[in-house]
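[1] Here's my sequence, what's the structure:
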Amino acid sequence: MPDKAGGNPLLNDKQNCRHFREEMPRKKLLKATRVIAVVAIIAIAIFLAWWFLIRQPPVPHNIIQLSGRIEGDDSTVAAKNSGRIREIRVREGDTVKAGDVIAILDEEQAAAREEQARSAAQGAETRVTRSQEQIAVLQEQLKQARITTEQARLDAQGRVTQAEAQVASAEANLSQAQAAHEQARYDVEKFTRLARSGDVSDRQREQAHTTAEAQAAVVESMKKQVAAARGALTAARANLENPPIRSSQAAAIQKQISQAQADVAAAQADAERARAQLKESQANRSDLTVVAPFDGTIATRVAEPGEVVSPGTAIVTMVDLSRIYLRGFVPEGDIARVKLDQPARIYLDSNPKVAIDAVVSRVDPESSFTPENTYFRDERVKQVVGVKLLIKNPTGAAKPGMPADGEILVEGNTWPKDTGRR
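    Numbers count the residues shown, from 1 in each chain. Here you go, the predicted structure:
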């Protein structure tokens, strides 16, 4: 019999089961609805995050974007002379200024060559000084010789004048003696006739003969004096016309002066060559200190201390920090819009919010593939052209090797407010 107080247990179980079956769909539906709502909320949140944070806005039509790395042109720093490296003062990555010491080569041989050149220059200059002093002495001797020669000429001229006067005097005396001799001969003839007629004595006739003989002797003496005077005149004239030994001495001194002047010219040429060699030796010695040719960064260190290098052998390579650029690629379909000197901007990954002003400095003349080696038709259409965006005013923030993005303003002169960057 069923329990009246508690009811029929079997009937209660059936009712409970029917109630359970009715409650279960409602709970599942509620749970599913909650899951869908959560998924929808998450999806909306993801979409909003993508829309506001991740999604890139459209790029304006007058902007071309590209990515790449910061680069700089490498320059090899080498020694001008051969030698052993004594010291290298930089390492890879060091920043240097123009004129900073990169390396120092051993200077022992260069110092010896410089000292040798200095000695040669001093010796040549000493020869120049000595030759010039010799010329001064010879010129003084020449001056004295010329004075003596002129005095000798004047003396010779005086002797000629004196000899001419003596010749004239002797000839005058000869003329007088000849006249007296003629008178004496006339007197002899006269007294001889008178003595025959008895008008004069024989003594007077003999006296006339004696006088005539004396006058004849005077004439002969005068003739000898004239001859002697004429001989002296001839000698004086010859001495005047033919310079004495002093003149030959002056000529010899002049020859010595000419030779000394030639020696001075040769010594001066030797001195000039020696000074040039000394200057070259000093320059070579200074070249043993290798310095940075410009502001830059040491890219590679090729040599090490103790190595022997020849002229032109690289010691380090440098990157010019004053000409830093972004090297990137533009699709071949857009390259026709890119021109040299177009304004550009660069954004470093380390500071993507700051735009660095740049300019298009190079457009490669040929396109290339990305990747460079292609073997399939669909890859061969991915051709790009390399470009360089040169930073206008480098501040040192952009360094070679940094990844960066770039923008090129291919139309107009004003940058849009939104270039599509986040």
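[2] so what are the domain limits for this protein?
    As recorded under automatic domain parsing, the domains making up the chain are 21-55, 63-105+295-409, 113-275.
[3] Pick out the shakiest of those, pLDDT-wise.
    Out of these, domain 21-55 stands lowest, with a mean of 66 (criterion: mean pLDDT).
[4] quick one, helices of this protein?
    Remark: helices assigned in the chain by DSSP state H are 9-49, 108-197, 202-241, 245-286, 377-380.
[5] what's the distance between the longest one and the middle of its chain?
    Average the C-alpha atoms of helix 108-197, do the same for its chain, and the two points are 61 Å apart (CA atoms, centre = their mean, to the nearest Å).
[6] Renumber starting at 3 from here on
    Fine by me, first position is 3 from now on; the one you just mentioned is helix 110-199.
[7] Output the contacting helices and strands for that helix.
    helix 204-243, helix 247-288 (3 or more CB pairs under 8 Å, 6 or more residues apart in numbering; DSSP states H and E). To be clear about C-beta, it is placed using only N, CA and C from the backbone, and glycine gets the same treatment.
[8] orientation of it relative to helix 247-288 in degrees?
    Put simply, helix 110-199 runs at 170 degrees to helix 247-288, going by axes from the mean of the first three to the mean of the last three CA atoms, to 10 degrees.
[9] Could you tell me the angle between helix 110-199 and helix 204-243?
    Helix 110-199 and helix 204-243 are oriented at 160 degrees to each other (the same axes, to 10 degrees).
[10] Residue 236 versus the residue lying closest to residue 175 once chain neighbours are set aside, what's the distance?
    Once flanking residues are discounted, residue 175 sits nearest to residue 224: 5.0 Å by CB to CB, 6 or more residues apart in numbering. According to CB to CB, to the nearest Å, residue 224 stands 19 Å off from residue 236.
[11] out of the two, which sits in the more crowded spot?
    Between residue 224 and residue 236, residue 224 has the larger neighbour count (other CB atoms under 10 Å), namely 21 against 13.
[12] wouldn't that one be in contact with residue 174 here?
    No - in this structure, residue 224 is not within contact of residue 174 by CB atoms under 8 Å, at 9.2 Å.
[13] circling back to that earlier point, and the helices of the chain: which comes nearest residue 409?
    Of all those, helix 11-51 sits nearest to residue 409, with 25.2 Å by CB to CB.
[14] Could you tell me how many residues sit around the closest residue to residue 321 other than its chain neighbours?
    In space, and not counting its chain neighbours, residue 321 is closest to residue 74: 3.6 Å by CB to CB, 6+ apart. Residues near residue 74, counting by other CB under 10 Å, number 23.
[15] can you pull up the bridge partners for residue 74?
    Residues in a beta bridge with residue 74, per DSSP bridges, are residue 326.
[16] Provide a list of residues in contact with it.
    By CB atoms under 8 Å, 6 or more residues apart in numbering, the contact set of residue 74 is 298-299, 321-323, 325-327, 402.
[17] cool, residue 364 as well?
    Neighbour list for residue 364: 342, 388-390, 392 [criterion: CB under 8 Å, 6+ apart].
[18] Among those, which are located in strands?
    Among the contacts of residue 364, the members falling in strands (DSSP state E) are 388-390, 392.
[19] ok, those residues vs residue 89, which is closest?
    Each of the ones in strands among the contacts of residue 364 was checked against residue 89 using CB to CB; the closest is residue 392, at 35.1 Å.
[20] Who does the closest one form a beta bridge with?
    Taking DSSP bridges as the rule, residue 392 bridges to residue 327, residue 361.
[21] What is the neighbour count of it?
    Number of residues near residue 392 (other CB under 10 Å) recorded here: 17.
[22] repeat for residue 393
    Using other CB under 10 Å, residue 393 has 23 neighbouring residues.
[23] surely residue 166 meets residue 235?
    Yes - using CB under 8 Å, residue 166 makes contact with residue 235 at a distance of 5.7 Å.
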